[in-house]
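Enquirer: please work out how this folds:
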Amino acid sequence: MIDDVRAVPREKIEFYRENGFVQIDDVLSPAELEELREYLSETMGAEGGRSTATDREGGAYYKVLNQRVNTWRDHGGMARFVLGGRFAHIGKQLTGFDGIRLFHDHALYKMPGDSKPTPWHQDWPYWPMRETGAFSMWLALDDVDESNGCMMFVPKSQRIKNLKSVSLVTPEDIFGQAGAEAADRNTAVVVRMKAGSCTFHDGLTFHYAHANTTDRPRRALAIIFMADGTTYSGASHLCTDGLGFAAGDVLKGGLFPKLA
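Expert: Next comes the predicted model:
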């Protein structure tokens, strides 16, 4: 069941806390993987609803990522995976946080054809949070390697704070920002995975995804989690705009449920 709680080996926890990312294999059974692929296909092909497609076919962002945010709000099957406790409890063990809340999910298809790499970036500068420590689970629904968009991480880069967000459409060199000198791209780790495996990475960890040079979409589901008690920074964001949060408010409520 997707609500089961799985023990994370101590060496995985230590690796995550030291390096800012970790790979965990076989978090889904073959049957669960097929089920999630079906749900994701149904969600990505739907129009309207409460989830949000961030670009349309032919758009500049679409060539980097065909993305739909908060799929759980449209599809009960997606909600079963996103809101189930398995991933949140893994994240709780990795981080040591007392409680874990959902920020949002996003389905990520890196499309074939005129595919672009996802440039080096940190996630946290895009998120409207005062505290650091929020993290992403990135679940491969296809085998991934350099040919179709696997990820790379710079170990220990989660220690670097106060950088600016970079454009994923008009790539900027995050390594050139003042304060980024301690991040060495030559230490980057290529993370090849089988479908049904995943990575967890801190919101400050530098990461990159290769272009998709194959003839099929590279499918992934990412879920962003945050520590219970994380507060709103006041910055505009797709998932918080219009909800009445004031800077300093705790991010909680029905759209940000506590999962672990």
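Enquirer: any weak-confidence spans in the stretch 51-200 of the chain?
Expert: 54-64 (pLDDT under 70).
Enquirer: so where do the helices sit in it?
Expert: 60-64, 76-82, 85-95 (DSSP state H, counting those that start in this stretch).
Enquirer: closest one to residue 104 among those helices?
Expert: Checking the helices of the stretch 51-200 of the chain against residue 104 by C-beta to C-beta gives helix 76-82 as the closest, at 9.0 Å. C-beta: built from backbone N, CA, C; applies to glycine.
Enquirer: contacts made by the closest one with the rest, please.
Expert: 2, 32, 35-36, 38-40, 42-43, 71-73, 102, 105, 221, 223 (C-beta atoms under 8 Å, 6 or more residues apart in numbering).
Enquirer: give the buried residues for it.
Expert: By 16 or more other C-beta atoms under 10 Å, the buried positions in helix 76-82 come out as 77-78, 80-82.
Enquirer: and of those, the nearest to residue 112?
Expert: Using C-beta to C-beta, the buried residues of helix 76-82 come closest to residue 112 at residue 78, 23.2 Å.
Enquirer: if we can go back for a sec, which one of the helices of the stretch 51-200 of the chain lies closest to residue 177?
Expert: Comparing these by C-beta to C-beta, helix 60-64 comes nearest, at 20.0 Å.
Enquirer: and stretch 219-235, which residues are buried?
Expert: 219-228, 230-233.
Enquirer: quick check: which of the helices of the stretch 51-200 of the chain is nearest to residue 112?
Expert: helix 60-64 (10.7 Å).
Enquirer: who's in contact with residue 87?
Expert: 27, 137, 139, 198, 223, 225.
Enquirer: nearest to residue 53, of those?
Expert: Nearest to residue 53 among the contacts of residue 87, with distances taken as C-beta to C-beta, is residue 223, at 17.6 Å.
Enquirer: avg pLDDT for whichever helix or strand that closest one is part of?
Expert: Using DSSP states H and E, residue 223 sits in strand 218-227. Per-region confidence: strand 218-227 scores 97 on mean pLDDT.
Enquirer: hang on, the earlier thing: now the two most distant members of the buried residues of stretch 219-235.
Expert: So, the buried residues of stretch 219-235 by C-beta to C-beta: farthest apart are 219 and 231, at 33.5 Å.
Enquirer: all strands for the stretch 51-200 of the chain, in order.
Expert: Using DSSP state E, counting those that start in this stretch, the strands of the stretch 51-200 of the chain run over residues 52-53, 66-69, 100-110, 118-121, 135-140, 151-153, 189-191, 198-202.
Enquirer: what's the third one packed up against?
Expert: This means strand 100-110. Strand 100-110 sits against helix 30-44, strand 66-69, helix 76-82, helix 85-95, strand 218-227, with contacts defined as 3 or more C-beta pairs under 8 Å, 6 or more residues apart in numbering; DSSP states H and E.
Enquirer: again, only this time at 7 Å
Expert: helix 30-44, strand 66-69, helix 85-95, strand 218-227 (3 or more C-beta pairs under 7 Å, 6 or more residues apart in numbering; DSSP states H and E).
Enquirer: thinking again about what came up before, which one of the strands of the stretch 51-200 of the chain lies nearest to residue 7?
Expert: strand 198-202 (14.9 Å).
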